[in-house]
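>>> Here is a sequence together with a model predicted from it:
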Amino acid sequence: MEIIGEATNILLKMNPQFPITSARKIVNLRNRVIHAYDAVDELLVWKVVIKDIPILLNEIQELLAL
């Protein structure tokens, strides 16, 4: 999640309108994991792994296919 969040942050700096759903939330989660790891909700992290990362993977595959 750290790497995904950092990569998303770089993309948003290059193009703030980059077409990734919840891009800002991805960066925010990365920041929380890095800087406030004692306040990370394990259930939220699990939800991201199970639900949100597959959506992100599909979006990235679609962008790469363009």
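Looks like it arrived, so ask away. Residues are numbered from 1 along each chain as shown.
>>> rest of the way, CA atoms for contacts and neighbours
Will do.
>>> Okay, Leu29 and Asn58: tell me how far apart.
For Leu29, the distance to Asn58 under the criterion Cα to Cα, to the nearest Å works out to 19 Å.
>>> Could you check which of the two is surrounded by more residues?
When Leu29 and Asn58 are compared for neighbours, Leu29 comes out ahead with 20 against 11, by other Cα atoms under 10 Å.
>>> Can you give me the pLDDT of the closest residue to the more buried one other than its chain neighbours?
Taking Cα to Cα, 6 or more residues apart in numbering, and ignoring the residues beside it in sequence, Leu29 has Gly5 as its nearest neighbour in space, at 7.3 Å. According to the prediction, Gly5 has pLDDT 94.
>>> Export only the CA atoms of the host helix or strand of Gly5, formatted as PDB.
Gly5 belongs to helix 2-14 when elements are defined using DSSP states H and E. Once non-C-alpha atoms are left out, helix 2-14 reads as follows in PDB (Å, rounded to 0.1, in the frame of the first residue of the first chain):
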ATOM      1  CA  GLU A   2       2.900   2.300   0.600                       C
ATOM      2  CA  ILE A   3       4.200   1.900  -2.900                       C
ATOM      3  CA  ILE A   4       0.800   2.100  -4.500                       C
ATOM      4  CA  GLY A   5       0.100   5.300  -2.500                       C
ATOM      5  CA  GLU A   6       3.400   6.900  -3.400                       C
ATOM      6  CA  ALA A   7       3.000   6.000  -7.100                       C
ATOM      7  CA  THR A   8      -0.500   7.500  -7.100                       C
ATOM      8  CA  ASN A   9       0.800  10.700  -5.400                       C
ATOM      9  CA  ILE A  10       3.400  11.100  -8.100                       C
ATOM     10  CA  LEU A  11       0.700  10.600 -10.800                       C
ATOM     11  CA  LEU A  12      -1.600  13.200  -9.200                       C
ATOM     12  CA  LYS A  13       1.300  15.700  -9.100                       C
ATOM     13  CA  MET A  14       1.900  15.200 -12.800                       C
END
